[in-house]
Structure formats: C-alpha cells, structure tokens
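In: Give me a model of this one.
(one chain, ligands or ions: 1)
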Amino acid sequence: MIKKYVYGNPIPTNAVVADIEPSEGGIQYLTELEMGGKIIFNYSMENDDIVYGLGEAARGLNKRGGIYHGFCTDVPDQTEDKQALYGAHNFIVVTGMISVGFFVDCASDVKFDIGYTAYNMLNIELTCPDFVIYVIEGKSAYDIVKQFREMIGRSYIAPRWAFGYQQSRWSYMNEDEVRKVVKNHRDNGISLDAVYLDIDYMDGYKDFTVSEERFPDFPGFVREMRDQGIRLVPIIDAGVKIEPGYDIYEEGRQYQLFCKKGDGTDFVAAVWPGRTHFPDFMNSGARMWFGSKYKLLTDMGIEGFWNDMNEPAMFFTEDGVKEFKDYVDSFDFNTNDPGKFFEFKDKILGLSNNMKDYESFYHNMDGRIVRHDQVHNLYGANMTRAAGEAFDQIAPDKRMLLFSRASYIGSHRYGGIWTGDNQSWWSHLLMNIKMMPSLNMCGYLYSGADLGGFGCNCTSDLLMRWLGFGIFTPLMRNHSALGTRKQECYNFGDPEDFRSIISIRYSLIPYLYSEYMKACLNNDMMFKPLSFEYPSDSFARIVEDQLLVGESIMIAPVYEQNAIGRYVYLPEDMLLVVFKSSSVRRYQIMKKGMHFVQAAVNEVPVFVRRNKLLPLCRTAQCTDKLDTSMFEIIAFTDDNIEYMMYEDDGVSKDYDNPDNYVSFAIKDMDGILGAVSPKTIVKLSLF
Ligand code: MIG
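Out: The predicted model follows:
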C-alpha cells in the first residue's frame, strides 16, 4: 500500500514511474512540524527498530545512529563521519514491530537524523518546501522494498560481458600502456574483459575527443583489443572545455545548452580541462544534444562508458577565487588568533564544490528556470539519462555498459553506479560489503566499488581479500588513482593466487548473471541482508557482514588484515564450499549457529543454502570464451529441487522471453538422486 503526499509545487524528478493519486489529509506515521523555515517530519522509533535504505551512504546497513544528507557530493575521502556521498537515494524502511517505508522525492538537500540526536527519534528535514513523500506500508522490510522498486521502475540492464573482470587506473597514458596491461593479464592467465580509459585518453580533457598523439588510430586500437576479448571503456566528464573551435563548446554556446548565471552568461567553473561550461542536463534539448555525442565514440567501436564529475564537481569558480583573494588581501598575518588559521584553511578547501557556486547558476527545465541548488540532486542523474536515452537511439537492440558517479533514484533505469573515490583501507572493503544491499534497495543493481581502493596504496592481501568479495559484485573493477602504488594483480609478486580468485568469478558468471537478471526483471534484490530471508531469526536480523547473493548462496567475506578466517553465523544448516580456485575446493556441511570458519587469504568461502543448487561452468580468459553448454552442479539437498537459470545472449533486449530460462534439477531416479538438465552436467557434487 503506497500513499503519496505532495507539498508545494515540486519539480518533477522522474524518480517514480507508477501512477499514484495524491492522498488528501495529513501524512500517516509522521508528525509534521515547521521550524525556522524548515519542514521537519518525525517518527518515533522503537528500541529495536532497524532502519534500512539510503543506497549509497557511509556507515552500516542499519542506518540508525547517524545523520545523512541526500545531496550529491564529491567526497574523495569517504570516512565514517561523511553525511553525503555521490548519490542521493532518499528511501528508508523502518522495521520492527511494524514496518514502514518513506521515499522523500526532493531534488535538493534532505537531511535524515536517524537516532543521532535522540536514539528513538527519526527526523527528516527539508529546507525546500516543494517535494513529494511516499509512505509505503507492507508486511516486512523486504515487501516494502519490492513495492518501492516496482514504483520506481525496472533497473538498467548491463550486457553480460560487463560481468567479466575489468581493469582500470587513472594514468594509462597511451595505447602501449593499455596493450601492456592486457598482455600482462593474458601472459599471467588472469582473465580480463575490459580496460578503462580515464581522462588521459582525451585531447586536453575535452569530452568526445581522443588524443591523436596517444591513440593515433583509435578505431583500429578498439578493434585490436576487441580481437583479444577486451572492451575499452572511456570516461566522460560533465564539464565541457571552453575552447574556441572545439565543436562541442561552440554548439553548446550557440544553441544555449549550457547552464547560465543570473546575468544570462554561461556559467564557468574550473575542472580538469580548465575553464568549462556545464551542459544543462535538466533541459531535454541539451540531453538529446549531449547524448548524441556518444555516437562519436560508439562509431569507433566503443560499447561502454562511465560518467564522472557529475555532482557536478568543481575545483573552483572565478567568483570564489575573487572572494578568496579579497579575504587573503585583508588577512592579518600578525593575528594571535589560532582560529584564523583554521578559517584560512577552510576557505581554501571550500573553494571546491562550494554551495555558493551551486546557488549561482540556473537551469532551463524546458521553459521553467530553476536555480541549481533546487535541483542539484538531479544533475548527474540526467547526465545518465542523456546517455541512456541516446543509446536507445544509437543502438536500439543492443545493451551498452553505462554507469555514473552521481545519481538520484530514477537514474537507476538508465545506468548503474560505482561508489566513487574510496581508499585502499580495510574499512572500505567492509563498507563495500554493507553498501551493496542498500544500493539494491534503491534500484542500483549494476554497481560496485573500486576494488583494491582508489586512493592510497594497496597491499597484496587487501587486494586479494577485496577481490574475494568483488567476484560477487556485478561491476568487478580494479581501479586506482594516479600516483598510488600500481594495483594491477600482476604487480604483487606471483600472480597465481589472483589468477585463481578471478577464475572463481568466471565459473560463477552464469549463476551471478542469472541472479542479477532475475533481480532486474522482478524488481528484486541480488544482495540481501540475512534478515530479509530469515525475518524471525533474531541473530540473522543484526548481521551486517554476511550477505545472501541470489537465491542459492550466502557469503561471509574476510575483511580484516592478517585474519585466518572469521566468525560466521548460519541461520540454517548450510554447505560450506571453500574455493581456492574455480576447480580446487573443499566442502563441509555446517550446522545452524555460530562458527569460526577458516579461510586463508587466497581462499573464498561460499555457503550453499539448504535445498539449493549452484551451477558452475569452466573458467575462461574472457566472457566471450565461457562455455555454457557444460556445467558442474553443487547441491545441498536430499530431496527433489530445481534451479531456474536465466540465460540469454547477453547483448540483445529480449528480456521477457520465457525461453530465457534453463532448468537444473535434482530428481529422484529409482531411489537415487541425480541431476537433470538440458545442459550437459559434467559433475554433480551432492551433499
Ligand atoms: O577529480 O578522472 O571518481 O574514478 O579516476 C578526479 C580521474 C576525477 C574521479 C573519479 C575517479 C577518476 C578520476 N576522477
């Protein structure tokens, strides 16, 4: 049961696709207050209520005990105290004796105080008077999530090749460097499907250009890589370089497709290319125009993109620098006030992504002029939409890979997201684990973090453990920042263990892809908290570092340095499979309860649920070479069971064809259980 409450005159956000009549009368469950120009809704929580949701946000799976802002923010250090990250996903579910969900559909800042100021108080605070709140009732948190997902529409569907292992780094400077990355993977037998091109491939950081000096024959190079089973995935930044003669700049200016200042001139900010304009993604014409430019690269054979800097992130603006200059000119260097030092520091750091700048430019939303801060959360989402809608024109029958840094619910229908600039910290591996179900709740299914960590220097064991989790995330990409220790697997001594861990991913692809597709098609989650499947188990309810991945398995990744294993809670009897590689495994049936499970740094523990089945194929160098005619089955049952695997060609869009399901069954055959499937079963491991 969903109720919709409209306040003021909200700007359409495109988040919700369901047609829901607004409700009359006061809002249910929430008490509404007005204080100092703000609207505050509060809800009193019970002592043991859990609050799920908020998608891309720091801290735990249970959001209780923190303050969060739905305000897309460029945060290069995602520490625990950060209240906003790149995405604004204002959906929460409070669950305890009763369960209720709230979606605050607002394009500007929304603050959630979830038991921070007072343990039992949940406050939702808005400064903008125009917004919509949806109140969702359901029989459980999971039920509410599914209703919410249906209301916001089917998630973007990635091509199957995007389930392969992908390598990225900010600073692959030219074709030869990319060739070497590929060769090193191939020579070491490390499977690989894609290499990313960060801003260095462009000519002067100009969108939709390729440096001729560094990539002299780009289409030829794309083909050369493709012949080796490798896709190149270029980055596109939000800002367009101001450079007379550069066609994108000239067109945007001529047709008035950039964001404007109050005086009617195009807004200018400094980003990677230097002085740039921002395309007005809030304008349908600008979206169509910018989107059509992706064709320049798809015509050269490109099949996937990542959109960056679209919060939008800004280094500084001229106005900001001027103000800072005045401040410095009048700065009293003889001051004895230490507070002045911190003020000085804050002023410098505050030049980037400054709220004042966000309040100084405007969008033309097809006739309606709105100041940026009022629609801030929609900017990156509409860049994703621009690209997604363009792909439907450019290649209507083909899936493209697309994911973005900034996002707002609604953009999940056009592309995935990656979680931005994390660090090579063990705590960020844990954050990655806890964030996956929250992202799924908000519709982001094709997602993942920079494996190994973006900033800081990674170590061999951190990368290995992180990959041990990353083999389950749809986006499995190792990415690192310019200037950090090289993070490709082959840089850490003998690559055998990395090769083995990545081989596990490839044999899991048919299962993972199937569970991903089913989650997309049924508005379901691929990563679930244990509590969603075992709601009456009070231990399962509080576990945050174990996840259900699809219907057959539970994972319990090791995320601490020097650990030899970890404690795992089993909400029912399960079959432990410790993978050392795709083919080397050990098995153990484990009873419901708490266990210490040993897993060396080069091992990945997976738990097969009772009466479930896990199909595995043979590993391969890249997804194109996966042989999905033959399977090995691991099953934990003494009864007849069936697993329906979703399988299609991975590129076209015939999603709802009933032929896309293949059955794997364990059946009683004259008193003996055997495997039955249209696929060739090369081995059955039955427990
Ligand atoms: O200001 O393009 O999050 O993945 O490598 C940094 C360079 C800009 C931020 C992205 C990161 C990317 C980097 N970008």
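In: Going by C-alpha atoms from here, please, whenever you check contacts or count neighbours.
Out: Fine.
In: In the protein, where's the longest strand?
Out: Ordering each strand of the chain by length in residues (DSSP state E) puts strand 661-669 first.
In: Would you mind getting the angle between the following helix or strand past it and strand 661-669?
Out: Next in sequence after strand 661-669, counting helices and strands by DSSP states H and E, comes strand 672-676. If you take axes from the mean of the first three to the mean of the last three Cα atoms, to 10 degrees, strand 672-676 sits at 160 degrees to strand 661-669.
In: Direction included, what does the longest strand of the chain pair against?
Out: Here strand 661-669 is paired, per DSSP bridges, with strand 641-646 (antiparallel), strand 672-676 (antiparallel).
In: In this structure, what residue spans correspond to helices?
Out: 141-152, 175-187, 218-227, 247-254, 284-298, 318-329, 338-349, 355-358, 372-375, 379-394, 426-441, 460-470, 496-521, 530-533 (DSSP state H).
In: Residue in the stretch 251-400 of the chain with the shortest distance to the ligand?
Out: Per Cα to the nearest ligand atom, the residue of the stretch 251-400 of the chain with the smallest distance to the ligand is Asp308, at 6.0 Å.
In: Identify the residue nearest that residue in space, chain neighbours excluded?
Out: Asp237 (4.8 Å; Cα to Cα, 6 or more residues apart in numbering).
In: Correct me if wrong: that neighbour contacts Pro312.
Out: No. Counting by Cα atoms under 8 Å, Asp237 does not reach Pro312; the two are 9.4 Å apart.
In: which residue sits farthest out from the middle of the protein?
Out: Asn334 (48.7 Å; Cα atoms, centre = their mean).
In: ok, that residue to Val578 distance?
Out: 65 Å (Cα to Cα, to the nearest Å).
In: beta partners for Phe664?
Out: Tyr643.
In: mind checking how far it is from Pro678?
Out: 8 Å.
In: Please say which of these two ends up with more neighbours.
Out: Phe664 (22 against 11; other Cα atoms under 10 Å).
In: Now do the same contact list for the closest residue to Met594 other than its chain neighbours.
Out: Excluding the flanking residues, the one nearest Met594 by Cα to Cα, 6+ apart is Tyr569, at 4.5 Å. By Cα atoms under 8 Å, 6 or more residues apart in numbering, the contact set of Tyr569 is 539-540, 543, 592-595.
In: now do Glu243
Out: So Glu243 contacts Tyr249 (Cα under 8 Å, 6+ apart).
In: Quote the end-to-end distance of stretch 116-132.
Out: 24 Å.
In: Close to the ligand: what parts of the stretch 401-550 of the chain are there?
Out: 420-421, 481 (Cα under 6 Å from any ligand atom).
In: hmm, try it at 8 Å
Out: Counting by Cα under 8 Å from any ligand atom, the stretch 401-550 of the chain comes close to the ligand at 405, 420-421, 450, 454, 479-482.
In: any chance of those in a markdown table, plus pLDDT and neighbour count?
Out: A markdown table is the format used below for these (pLDDT from 0 to 100; neighbours: other Cα atoms under 10 Å):
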| residue | pLDDT | neighbour count |
| --- | --- | --- |
| Arg405 | 98 | 26 |
| Gly420 | 98 | 25 |
| Asp421 | 98 | 22 |
| Asp450 | 98 | 29 |
| Phe454 | 98 | 27 |
| His479 | 98 | 25 |
| Ser480 | 98 | 29 |
| Ala481 | 98 | 22 |
| Leu482 | 98 | 14 |
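In: Which of those residues fall within strands?
Out: Asp450.
In: Now which of the contacts of Tyr569 would you call buried?
Out: With burial judged by 16 or more other Cα atoms under 10 Å, the buried subset of these is 539-540, 543.
In: Format those as CSV; extra columns: pLDDT and distance to Val682.
Out: Below are these laid out as CSV (pLDDT from 0 to 100; distance: Cα to Cα, whole Å):
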residue, pLDDT, distance to Val682
Phe539, 96, 38
Ala540, 97, 35
Val543, 98, 36
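In: of the residues you listed, closest to Val132?
Out: Comparing these against Val132 with Cα to Cα places Val543 closest, at 32.7 Å.
In: Contact partners for the closest one?
Out: 529-531, 569.
In: Could you check which residue of the stretch 451-600 of the chain lies nearest the ligand?
Out: Counting by Cα to the nearest ligand atom, the stretch 451-600 of the chain gets nearest the ligand through Ala481, at 5.7 Å.
In: Just the pLDDT at Gly25, thanks.
Out: Looking at Gly25, its pLDDT is 88.
In: Around it, how many other residues sit close by?
Out: 7.
In: just Asn174 next, same as before
Out: Asn174: 17 neighbours (other Cα under 10 Å).
In: how close does the residue nearest to it when sequence neighbours are not counted sit to the ligand?
Out: Nearest-residue entry for Asn174: Arg214, 4.7 Å, with adjacent residues in sequence omitted and distances by Cα to Cα, 6+ apart. Arg214 sits 17 Å away from the ligand, going by Cα to the nearest ligand atom, to the nearest Å.
In: Please list all residues in contact with Arg214.
Out: Neighbours of Arg214 in contact, by Cα under 8 Å, 6+ apart: 173-175, 201.
In: what's the closest of these to the ligand?
Out: Tyr201 (10.3 Å).
In: Tell me the pLDDT of the closest one.
Out: pLDDT, Tyr201: 98.
In: for the one 10 residues further on, same thing?
Out: On pLDDT, Ser211 comes in at 98.
In: list the contacts for the residue nearest to Met282 when sequence neighbours are not counted?
Out: Spatially, and ignoring its direct neighbours in sequence, Met282 is nearest to Met365 (5.3 Å; Cα to Cα, 6+ apart). Counting by Cα under 8 Å, 6+ apart, Met365 touches 282-284.
In: Just list whatever residues bridge to Met365.
Out: Arg368.
In: Now do it against Phe316, distance only.
Out: For Met365 relative to Phe316 (Cα to Cα), the value is 25 Å.
In: Could I get the contacting residues of the closest residue to Lys111 other than its chain neighbours?
Out: Nearest non-adjacent residue to Lys111, counting by Cα to Cα, 6+ apart: His69, 4.5 Å away. By Cα under 8 Å, 6+ apart, His69 lies in contact with 83-84, 88, 109-112.
In: Check Tyr379 too.
Out: Tyr379 touches 281-282, 310-312, 406, counting by Cα under 8 Å, 6+ apart.
In: give me that answer again for 7 Å
Out: 281-282, 310-311 (Cα atoms under 7 Å, 6 or more residues apart in numbering).
In: Can you get me a residue count around the spatially closest residue to Gly8 that is not a sequence neighbour?
Out: Closest residue to Gly8 apart from its sequence neighbours, by Cα to Cα, 6+ apart: Asp130 at 4.5 Å. Neighbour count of Asp130, defined by other Cα under 10 Å: 17.
In: can you list the residues that contact stretch 145-156?
Out: Counting by Cα under 7 Å, 6+ apart, 15-18, 410, 412-416, 441, 443-445, 520-521, 523-524 sit against stretch 145-156.
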